[in-house]
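In: Turn this into a structure:
(2 chains)
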2 protein chains.
Amino acid sequence: MEVTLARRRLQKHLEPARPLRRSTVDQGSDDGSADTPAGTPVEHEQNITVEQFYSIIRLHTPKQGRISYTREVLCELASSPVAKKKPKYLPEHPIVLEKADVLYHFNLGTSTHNLPALFGDVKFVCVGGSPWRMKSFIEYIAGELGLEDPKSEYPNICAGTDRYAMYKVGPVLSVSHGMGIPSISIMLHELLKLLHHAHCTDVTIIRIGTSGGIGLEPGTIVITKQSVDATFLPKFEQVILGKNVVRSTDLDTELAEQLLQCSNRLNQFKSVIANTMCTMDFYEGQARLDGAFCSYTQEDKQDYLAKAYASGVRNIEMESSVFASMCKLSGLKAAVVCVTLLDRQKGDQLSGSHQVLHDLQQRPQILVGHFIKSQLESSGKI
Amino acid sequence: MEVTLARRRLQKHLEPARPLRRSTVDQGSDDGSADTPAGTPVEHEQNITVEQFYSIIRLHTPKQGRISYTREVLCELASSPVAKKKPKYLPEHPIVLEKADVLYHFNLGTSTHNLPALFGDVKFVCVGGSPWRMKSFIEYIAGELGLEDPKSEYPNICAGTDRYAMYKVGPVLSVSHGMGIPSISIMLHELLKLLHHAHCTDVTIIRIGTSGGIGLEPGTIVITKQSVDATFLPKFEQVILGKNVVRSTDLDTELAEQLLQCSNRLNQFKSVIANTMCTMDFYEGQARLDGAFCSYTQEDKQDYLAKAYASGVRNIEMESSVFASMCKLSGLKAAVVCVTLLDRQKGDQLSGSHQVLHDLQQRPQILVGHFIKSQLESSGKI
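Out: Residues are numbered from 1 along each chain as shown, chains lettered A, B, ... in the order given. This is a model prediction of the structure:
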């Protein structure tokens, strides 16, 4: 009875969200070529038909752990104020786009790239803000896994755009996401679609980043327990169709524990499991006194940081909340591993030499590299 | 009498926000080198003394239009719920940092770079998301102003970091800002400090970007009247010390009008002055149906876009609100000039070829290039 009622309530939302067919006018407007010469080629539009796309999909039967999502699930998630638990029924019945999917900010697409062939074997995705760092990570992990390219060439898979950089070696994908929630959110939408189109299974995703610490020796790694907002609450708020939607920012506790044990075995630097505060701004949003604007005192700043510390926060960064929220929604095992570059109770400026900071930034890479290697070893894959 | 009371209320905030002197312990922790070998050089710490820094400042008497801000102004701005008007008393008495300032995400600093010599002549700053586009803009404007480098070399001033790219030719600075409010906010904090340290005067700043249009032919340029949030209100909300602060997103109406006239004279493409909606997300935040998650129907999307249109919104992007808000706070003349790449009422995907989209992206460059040239010509500077 309750199910019937729920279905009735959701009836409106069950109509196809994507147009079954676009008119010629729509296509012209969509690709922005309405006012360009009529002969302009739009290559990938002709490469695959809807029927072909469906036939590819049908070749692959759903597998346990595949990233997929039903409309019902998403409707229910959106209507619940705080989605505390991962719904048991998340996978199965993936939404299938009626036409080729363009992952615009990656410069990849279902009709221009064979995504299952390119990415089907991905088991670990590591993401971080800086493109240079994500390139250095792929070089590092290649060495760790004995998969070095003899020419040391690791091409940027997204070379056709400057929005993000992406590298791959064996089962490991390394993707940059820029700075801040909106930037990583665009990347994650397209990454989740990529993993879905490529039929990836059992994927673990880890953000390896930098952060400001609170009450920790600089260089300490914080493995995030919960990502909290600037009022220390474990939630991510997002405006959808003009309405506030609140989502959970829980991360995988078992994965966090495994990473901590890995760090203890490595014994090269200190790691802790603690809460991470995710802010929308680096200066005023993190109580820095050295921004272009500052409307509070040193004392106000210290009060705020002390409150954060008291609530369990040990580091501050700018991407973990939406990362946790989107990974939870999609059913991906996720962790956030950030090194602290300074103790914010003692200062604001990252005035260390870029070399010193560079060395500290390698710590999450070393930890996660070690973790991936041990996981692949224990499963007999290397 | 009222002034005295206001001063008394602000007394607490008038204490120095920046520590007058940092202890040795603080310095060690600040630069993140506490656990690195003791001999690690931190070069820029030794290059300038506080006295030298002050003496540089004293050489320059305050000029009309200089970007500067007093603590009083900032305190008052922060305490007013919506700062509707630019305070008359904004310039004068710039805050002076007690030690060298590091613009970390630019890899620039007051003790490592002679900022007045490098940037003192800047009159126009153009910012945009993509580093490639900002390089292409500097090449274009160099040609327009007859300042081409015979070797066509325009070095990236921020080559030491991959966070932002910066180029300069004559009085024009071109800086990338990545995607989303947090990313442009970090850049603007450091840019405003850079302009301040370089003693720049009469600076005009223009964001040249891309956007989704509503009810406009793709390729139309929208010059932003007001930047509105996802509920169509002209405000930018930001959490500072855990509290919500609301700031105005008004832009310079005279500058917008000048740009429109410029576009009409050019007569190469259509431009309109209208409201721009600034969102935190590209997919769900802009009612797209093609993200990894989507909890609403095509009908819901069209309803939302129709409401946006009715409220005066003609395009959607992800940076204008904090750009407008920070430029207003600092007293900079600012405009947002974005081309629409598609009509969102007709589709979601940017499926046009990168060449077609690239051509459309040049339109804001052409318009702003023409505007800068005409401004410099009319003031007899070229």
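
In: what's the neighbour count on residue A:283?
Out: 22 (other CB atoms under 10 Å in any protein chain shown). Backbone N, C-alpha and C define where each C-beta goes, glycine included.

In: Residue B:163 versus the closest residue in space to it that isn't next to it in sequence, what's the distance?
Out: Computed as CB to CB, 6 or more residues apart in numbering or on different chains, the closest residue to residue A:283 that is not its neighbour in sequence is residue A:291, at 2.9 Å. From residue A:291 across to residue B:163, the span is 16 Å (CB to CB, to the nearest Å).

In: Can you give me the pLDDT of residue A:111?
Out: Listed pLDDT for residue A:111 reads 89.

In: Next one: it from chain B, what distance?
Out: To chain B, residue A:111 is 9 Å away according to CB to the nearest CB, to the nearest Å.

In: Equivalent analysis for residue A:354, please.
Out: Distance from residue A:354 to chain B, by CB to the nearest CB: 6 Å.

In: What are the phi and psi values at that residue?
Out: Main-chain torsions, residue A:354, degrees, to the nearest 10: phi -60, psi -30.

In: thinking again about what came up before, next, the contact list for the residue nearest to residue A:283, please.
Out: Residues counted as contacts of residue A:291 (CB atoms under 8 Å, 6 or more residues apart in numbering or on different chains) are A:282, A:283, A:284, B:189, B:193.

In: which non-adjacent residue is nearest the third one?
Out: In space, and not counting its chain neighbours, residue A:284 is closest to residue B:240: 4.8 Å by CB to CB, 6+ apart.

In: Now the phi/psi pair for the one you found, please.
Out: Backbone torsions for residue B:240, taken as degrees, to the nearest 10, come to phi -120, psi 120.

In: for residue A:254, same thing?
Out: With angles defined as degrees, to the nearest 10, residue A:254 sits at phi -70, psi -40.

In: Neighbours of it, how many?
Out: Neighbours of residue A:254 (other CB under 10 Å): 9.

In: Next one: it relative to residue A:320, how far apart?
Out: For residue A:254, the distance to residue A:320 equals 18 Å [CB to CB].

In: follow-up on the earlier one: which single one of the contacts of residue A:291 is nearest to residue B:236?
Out: Comparing the contacts of residue A:291 against residue B:236 with CB to CB picks out residue A:284 as the nearest, at 11.8 Å.

In: The closest one against residue B:238, yeah?
Out: Yes - using CB atoms under 8 Å, residue A:284 makes contact with residue B:238 at a distance of 6.8 Å.

In: Mind checking which of the two has more residues around it?
Out: Shown here are residue A:284 and residue B:238; by other CB under 10 Å, residue A:284 has more neighbours (25 against 22).

In: In contact with the more buried one, which residues?
Out: The contact partners of residue A:284, taken as CB under 8 Å, 6+ apart, are A:291, A:293, A:294, A:295, B:238, B:240.

In: What's the per-residue pLDDT of the second one here?
Out: Meaning residue A:293. Reported pLDDT for residue A:293: 90.

In: what do you get for the last one?
Out: Per-residue confidence at residue B:240 stands at 96 (pLDDT).
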